[in-house]
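Q: can't give you the sequence, but here's the structure:
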DNA sequence: ATGCATGAGGG
DNA sequence: CCTCATGCATA
């Protein structure tokens, strides 16, 4: 029944764009970012190549693995569950080193004395170059802030909507459903964000998670159940999103937008709780599946080093980096985009 | 739980 | 091309 994809995009997108948090969020998120800002922004001005070279060299040195020669394989692997896909394109070369090193590489000096990481590099370079005459204020080449929290939960792929059914008509709805930004410049702010200090969000997320678990509902269940609430502009969400909400790994705005919806669900669920589901019904074996490139650890280290220096490389630079790392340009571009997004997420984005 | 990807909307 | 919200695929 229904190609199971019939419920994917519910654009509540349109709503939140380029939020400068100009006035309203200046106290919350904007603040956090400011705290992280490094005084020296743009380090480029003609040193590009040398900087990139150094970043790479250092990143490479950082990964001194027992291989005397350079990696003979492609820097990335592309997985796909489909055998019918002939386009092993980006990786005709299967990487034998796959998980051995690609998983745990936490940028924190546990590698030894030579592990000069991006932050150090930046620091080093900035002191010697900040005089070259550029001062473009950048976002925040902050050192990484990685938080690793793991706790296994359920893994339950839902391609179902056995109880969901319906929805999907919202793709054409008004773009401002649960927007947080109603302001169009007039700053008549009053309706949105206000009542949303990160403190409360954190508290809510925690409560939500606990009660959800108490109800014996999985993140995926919550996601699909949201469609049943029939809130205008709100369709279902994925396990990923629910998970991210609970772990506060969404942007501040996203958190605020989702809170009311999840709260509504929680209330309804507790009212008439006690309903499970799980009919992992079958699907067609013939679906074009999305591929997920896997960037190997060494390359990832290089990218991180570059990112520390310049979070927003130009197209040319991206191309150059892509070539050096033997990655597709688009892969590199997306990596930077995702990295930037990551930087803006909640959680311990700053002082906590 | 998270990495890489897609797409809308805005320049 | 970017930012953002989201999701599939995966570890």
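A: Yep, that arrived. What you are looking at is a predicted structure, and each value in this text was computed from that prediction instead of being measured. Numbering: from 1, shown residues only, chains lettered A, B, ... in the order given.
Q: pull up the residues of the stretch 201-350 of chain A that are close to DNA strand C.
A: Within the stretch 201-350 of chain A, the positions adjacent to DNA strand C are A:223, A:235-241, A:244, A:250-251, A:253-254, A:257-258, A:287, A:289-292, A:294, A:312, A:315, A:318, A:333, A:336-337, A:340-341, A:344 by C-beta under 7 Å from any atom of the strand. No exception for glycine: its C-beta is placed from N, CA and C like everyone else's.
Q: mean confidence for stretch A:197-209?
A: The average pLDDT for stretch A:197-209 rounds to 92.
Q: which parts of it are buried?
A: A:198, A:201, A:204, A:205, A:208, A:209 (16 or more other C-beta atoms under 10 Å).
Q: out of the residues you listed, who's nearest DNA strand B?
A: Set against DNA strand B, the nearest of those by C-beta to the nearest atom of the strand is residue A:209 (8.0 Å).
Q: okay, and that closest one sits in which element?
A: Counting by DSSP states H and E, the element that carries residue A:209 is helix A:198-214.
Q: that helix packs against which elements?
A: On a contact count with 3 or more C-beta pairs under 8 Å, 6 or more residues apart in numbering; DSSP states H and E, helix A:198-214 meets helix A:239-246, helix A:252-271.
Q: mind putting these in a markdown table, mean pLDDT, distance to residue A:324 and mean neighbour count included?
A: Below are the helices and strands packed on helix A:198-214 laid out as a markdown table (pLDDT from 0 to 100; distance: least, C-beta to C-beta, whole Å; neighbours: other C-beta atoms under 10 Å):
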| stretch | mean pLDDT | distance to residue A:324 | mean neighbour count |
| --- | --- | --- | --- |
| helix A:239-246 | 98 | 31 | 20 |
| helix A:252-271 | 94 | 34 | 18 |
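Q: farthest pair within the buried residues of stretch A:197-209?
A: Within those, A:198 and A:209 form the most distant pair, 16.4 Å apart (C-beta to C-beta).
Q: and of the helices and strands packed on helix A:198-214, who's closest to DNA strand B?
A: Evaluated with C-beta to the nearest atom of the strand, the helices and strands packed on helix A:198-214 place helix A:239-246 nearest to DNA strand B, the distance being 3.6 Å.
Q: pLDDT weak spots in the stretch 51-200 of chain A?
A: By pLDDT under 70, the weakly predicted segments of the stretch 51-200 of chain A are A:51-196.
Q: what's the angle from the helix holding residue A:209 to helix A:252-271?
A: 40 degrees (axes from the mean of the first three to the mean of the last three C-alpha atoms, to 10 degrees).
Q: the helix or strand following helix A:198-214 packs against which elements?
A: Going down the chain from helix A:198-214, the next helix or strand is helix A:219-225, by DSSP H and E. Under the contact criterion of 3+ C-beta pairs under 8 Å, 6+ apart, helix A:219-225 touches helix A:239-246, helix A:252-271.
Q: is any residue of the shortest one near DNA strand B?
A: So the one you mean is helix A:239-246. Yes - Helix A:239-246 comes into contact with DNA strand B (C-beta under 7 Å from any atom of the strand), by way of A:239, A:240, A:243, A:244, A:246.
Q: filter the residues of the stretch 201-350 of chain A next to DNA strand C down to the buried ones, ChimeraX style.
A: The ChimeraX selection below is limited to those of these classed as buried (16+ other C-beta under 10 Å):
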select /A:223,235,236,237,239,241,244,250,251,253,254,257,258,291,294,318,333,336,344
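Q: tell me the buried residues in stretch A:214-228?
A: Using 16+ other C-beta under 10 Å as the test for burial, stretch A:214-228 gives A:215, A:217-228.
Q: can you pick out the most distant pair from these?
A: The distance between the two most remote of those (C-beta to C-beta) is 17.3 Å, for A:215 and A:227.
Q: can you give me the neighbour number for residue A:326?
A: 14 (other C-beta atoms under 10 Å).
Q: isn't residue A:306 up against residue A:312?
A: No - here residue A:306 lies out of contact with residue A:312, judged by C-beta atoms under 8 Å, at a distance of 10.7 Å.
Q: which parts of the stretch 251-352 of chain A sit against DNA strand B?
A: Residues of the stretch 251-352 of chain A lying near DNA strand B (C-beta under 7 Å from any atom of the strand): A:290-295, A:300, A:330-331, A:334-335, A:337-338, A:341-342.
Q: just those: which are in helices?
A: Among those, the members falling in helices (DSSP state H) are A:300, A:330, A:331, A:334, A:335, A:337, A:338, A:341, A:342.
Q: turn these into a markdown table, columns for pLDDT and distance to residue A:271.
A: What follows is those, written out as a markdown table (pLDDT from 0 to 100; distance: C-beta to C-beta, whole Å):
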| residue | pLDDT | distance to residue A:271 |
| --- | --- | --- |
| A:300 | 96 | 46 |
| A:330 | 95 | 47 |
| A:331 | 97 | 46 |
| A:334 | 97 | 42 |
| A:335 | 98 | 44 |
| A:337 | 98 | 41 |
| A:338 | 97 | 38 |
| A:341 | 96 | 36 |
| A:342 | 94 | 37 |
